[in-house]
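*Asks:* Could you work out the structure for the sequence below:
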Amino acid sequence: MLYAIWLLPLFGAIALWALGPAVRERAGVLASLLVGGSFAVACASFRTVIAEGGLHQHLVTWIPGFTFGLLLDPLSLLWTLVIAGVGFLIHVYSIGYMEGDKAVARFFAYMNFFVFAMLTLVLSDNFVGLLVGWGLVGLASYFLIGFWFERRSAVAAARKAFVINVVGDVGLLFAILAVYAVTGSVAYADVFAKVGQFTPSLLFLVCAALFVGCAAKSAQVPLHSWLADAMEGPTPVSALIHAATMVTAGVYLIARCAPLWDHSAGARELVGTAGALTALAGAILGIGQWDIKRILAYSTMSQIGYMILGVGVGAYEAGVLHFFTHAFFKAQLFLGSGLIIHALGNEQDVRRMGGLARKTPFAFAAMLIGTIAITGILPIGGFFSKDAVIYGVLEHGHPYLYAIAVFTAGVTAYYMFRMIFLTFFGEDRTRGAQPEHHGHIPVWVMQAPVALLMVPTVFAGYLLLGGANSPWARFLAPVFSSAQAVGAPPPIGELLSGALALGVVLLGTFVAYARYGTATAQRESVERVRVETEKMPGVLAHAFYVDEMLDVLFVKPAVFFGRLFGRGFDPKVIDGLLRDVVFLTGWLGREVRSLQNGLVRSYALAIVAGAAIFIAYFAFLGAQR
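*Replies:* Take a look at the predicted model:
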């Protein structure tokens, strides 16, 4: 079962790479069936995993301490179901979205490879296997973000994502080396059993290094700038990266390494603070975006911040639940935006939309339900997962982070409903945009996955009902049974906290409605948007100038030294030394060759001269004695 779950997507990637044009029209169907098969096997293994506490398959032992295998426990099963299940729906959606693309077989090969890479990451039973999957996920994202490589912007975005993720890989590698040096093993079970062997300072360094990898992969401040640029890839790629795969890897790593975080209060403080700041920064940056996919990208950054905040402070069940609900509503939002982009002939700027509720009612319903879920408004399930994270932060003794989380919820409601009002209400600003026309693939191929996603988007959060006896708590109990107990009772109850957070969300929604949803605001929408565009603060328009800062600190120095070595040191010193060696060798060759003239008397003269030198040398030595 584990082999099937793990290798079916890899088989699809290899087959599509090998066959290519021969299966062009059937590439999407083949890729979807194989990912769906992986999901079906994972579902079939559910009861066995619950009954036996997990499935384990040993693969190979390289040297003592380096054992590699596959592990399917409740945590990895949850991620596997999301990766393969949501991934399957995105694959089916892509059949319609990518119709007519000249490289459709290559696209689905990359998609299958992406799923395989993420499954490698979550199914590994050790840190080195996780690192392999970690790197493969970065490679797959490079392929998919830069899929339309004829666009320079896509190539630049893919390169940026790859480089930033490699920075995170270095942190993860350092942590693995430190873990092996202390425990003599890279297997999760061995490392967690020997967590007491770490000194407090070393454990903090290990957790901090692990979090560097998390920050890069999950777009946490300050390694977040690649996430919005990744929108250069096709919309299904954005949905797969943001909902089911890459950006959730950091959440998985922290949840998987809960025993390490449980023994390091400093690490919990670090990660919780970073998650809260990322959630707030992503929400604020969402206010300054006009591209519908970039708005959703920054919403992902903010929601991943919530997840990191939850698992960082020790509210593991809440953080993981928010991952679960987010996978559905974020996939729904991205695929819904893809329906709009298709309907408008690849238009993505919300300033050139408006009045689409009548033209695209299905997309409107999908986007509205997804927006209600991401903002956390009852009765959609996203309310329960976000509220669980927010209250979990307070339960674990972080009132300042709690305040940031509540405020961020209000900002999220504002910019998400601003997107809804600008896109679907008011006057038509599409300027005659023409929809893309498909050949023979019916429209339901794109609509059916979105419709299916609506069900878990609405109901997934209800798994938390019941508190400590909820289905969610019982499911994850074997994984987080060693988690630290909650400290002193929080100053307010969960019900009051939920009411407070909901009130802030409704306030943000009301502000968005007052500015963009009223009849007056809709009549003035064109002028309002023009003024806001012109007066947008530079700090928002330039995303806190993070790219400019990275450019000054890293890119320009790298280019300077590259040019210095490329134009000076390399040609004049390195190549100069090589040219001198070549010249000296040639000169010596010519001089020695001049002695080889074929004249016996010349050779005899040389022998006599040599003998005379030897006689004089030994005579000199004799005189010295």
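*Asks:* Next one: V546 from A230, what distance?
*Replies:* Using CB to CB, to the nearest Å, one gets 15 Å for the distance from V546 to A230. Yep, even glycine has a C-beta here, placed from its N, CA and C like the rest.
*Asks:* Please say which of those two ends up with more neighbours.
*Replies:* A230 (27 against 16; other CB atoms under 10 Å).
*Asks:* quick one: contacts for the more buried one?
*Replies:* 141, 145, 157, 161, 237-238, 241, 297 (CB atoms under 8 Å, 6 or more residues apart in numbering).
*Asks:* So which residues of the stretch 301-450 of the chain form helices?
*Replies:* 316-343, 356-359, 361-375, 382-395, 399-424, 444-459 (DSSP state H, counting those that start in this stretch).
*Asks:* With mean neighbour count, distance to T430 and mean pLDDT as extra columns, can I get these in CSV?
*Replies:* What follows is the helices of the stretch 301-450 of the chain, written out as CSV (neighbours: other CB atoms under 10 Å; distance: least, CB to CB, whole Å; pLDDT from 0 to 100):
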stretch, mean neighbour count, distance to T430, mean pLDDT
helix 316-343, 27, 9, 91
helix 356-359, 17, 8, 87
helix 361-375, 22, 13, 93
helix 382-395, 27, 30, 90
helix 399-424, 23, 10, 93
helix 444-459, 19, 19, 91
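*Asks:* Any chance of those in JSON lines with distance to E532 as columns?
*Replies:* JSON lines is the format used below for the helices of the stretch 301-450 of the chain (distance: least, CB to CB, whole Å):
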{"stretch": "helix 316-343", "distance to E532": "21"}
{"stretch": "helix 356-359", "distance to E532": "20"}
{"stretch": "helix 361-375", "distance to E532": "20"}
{"stretch": "helix 382-395", "distance to E532": "28"}
{"stretch": "helix 399-424", "distance to E532": "10"}
{"stretch": "helix 444-459", "distance to E532": "30"}
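*Asks:* wait, which of the ones you listed is closest to D262?
*Replies:* helix 316-343 (9.4 Å; CB to CB).
*Asks:* distance between the closest one and the chain's centre?
*Replies:* 14 Å (CA atoms, centre = their mean, to the nearest Å).
*Asks:* what is the orientation angle of that helix with helix 399-424?
*Replies:* For helix 316-343 against helix 399-424, the angle by axes from the mean of the first three to the mean of the last three CA atoms, to 10 degrees is 20 degrees.
*Asks:* Contacts only, for the residue nearest to V511 when sequence neighbours are not counted.
*Replies:* Spatial nearest neighbour of V511, excluding adjacent residues (CB to CB, 6 or more residues apart in numbering): Y414 at 5.5 Å. Y414 makes contact with 287, 508-509, 511-512 under the criterion CB under 8 Å, 6+ apart.
*Asks:* Y414 and V504: what is the separation?
*Replies:* 10 Å.
*Asks:* what does S225 give?
*Replies:* Note on S225: its distance to V504, by CB to CB, is 28 Å.
*Asks:* Let me know the secondary structure of L70.
*Replies:* strand (DSSP: H, G, I helix; E, B strand; the rest coil).
*Asks:* Now for it, how many residues are close by?
*Replies:* L70: 22 neighbours (other CB under 10 Å).
*Asks:* just the one 3 residues further on next, same as before
*Replies:* Neighbouring residues of D73 were enumerated by other CB under 10 Å; the total is 21.
*Asks:* ok, it - contacts?
*Replies:* D73 touches 49, 53-55, 478-479, counting by CB under 8 Å, 6+ apart.
*Asks:* Looking at those residues, which has the smallest pLDDT value?
*Replies:* When these are compared by pLDDT, G53 scores lowest at 79.
*Asks:* Just the buried positions in stretch 214-225, please.
*Replies:* 214-221, 223-225 (16 or more other CB atoms under 10 Å).
*Asks:* For whichever strand or helix holds L19, name the packing helices and strands.
*Replies:* Using DSSP states H and E, L19 sits within helix 2-19. Applying 3 or more CB pairs under 8 Å, 6 or more residues apart in numbering; DSSP states H and E, we find helix 2-19 packed against helix 27-44, strand 55-61, strand 67-72, helix 74-97, helix 104-123.
*Asks:* and the helix or strand that the last one is followed by, what other elements does it pack with?
*Replies:* The first helix or strand that comes after helix 104-123 along the chain, using DSSP H and E, is helix 127-145. Using 3+ CB pairs under 8 Å, 6+ apart as the contact definition, the elements that helix 127-145 packs against are strand 67-72, helix 104-123, helix 152-183, helix 200-217, helix 249-256.
*Asks:* and helix 127-145, which residues are buried?
*Replies:* Result for helix 127-145 [16+ other CB under 10 Å]: buried residues 127-138, 140-145.
*Asks:* Need phi/psi at S470.
*Replies:* Backbone geometry at S470, expressed as degrees, to the nearest 10, gives phi -70, psi 160.
*Asks:* how deep is it tucked in, by neighbour count?
*Replies:* Residues lying near S470 (other CB under 10 Å) number 17.
*Asks:* just to revisit the earlier point, will you turn the helices and strands packed on helix 2-19 into TSV that also has distance to Q596?
*Replies:* Below are the helices and strands packed on helix 2-19 laid out as TSV (distance: least, CB to CB, whole Å):
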stretch	distance to Q596
helix 27-44	69
strand 55-61	61
strand 67-72	63
helix 74-97	74
helix 104-123	62
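*Asks:* And those: which comes nearest P490?
*Replies:* helix 74-97 (26.4 Å).
*Asks:* sorry, back to before: show only the entries of the contacts of Y414 found in helices.
*Replies:* With helices taken from DSSP state H, the overlap with the contacts of Y414 comprises 287, 508-509, 511-512.
*Asks:* returning to what we had before: what angle separates the helix holding L19 from helix 127-145?
*Replies:* Using the same axes, to 10 degrees: helix 2-19 against helix 127-145 is 30 degrees.
*Asks:* Any chance you could give me helix 2-19 in CSV, C-alpha atoms only?
*Replies:* Extracted C-alpha coordinates of helix 2-19, given in CSV (Å, rounded to 0.1, in the frame of the first residue of the first chain):
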residue,chain,number,x,y,z
LEU,A,2,2.8,2.4,0.9
TYR,A,3,4.7,1.7,-2.4
ALA,A,4,1.5,2.3,-4.4
ILE,A,5,0.7,5.6,-2.6
TRP,A,6,4.3,6.8,-3.1
LEU,A,7,5.2,5.6,-6.6
LEU,A,8,2.1,5.8,-8.7
PRO,A,9,2.6,9.6,-9.3
LEU,A,10,6.3,8.9,-10.1
PHE,A,11,5.2,6.3,-12.7
GLY,A,12,2.9,8.9,-14.3
ALA,A,13,5.7,11.5,-14.4
ILE,A,14,8.1,9.0,-16.1
ALA,A,15,5.6,7.7,-18.5
LEU,A,16,4.5,11.2,-19.6
TRP,A,17,8.1,12.4,-19.9
ALA,A,18,8.9,9.3,-22.0
LEU,A,19,5.9,9.2,-24.2
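*Asks:* In a strand, G598, correct?
*Replies:* No: counting by three-state DSSP, G598 falls outside a strand, being coil.
*Asks:* Thank you kindly, that will do.
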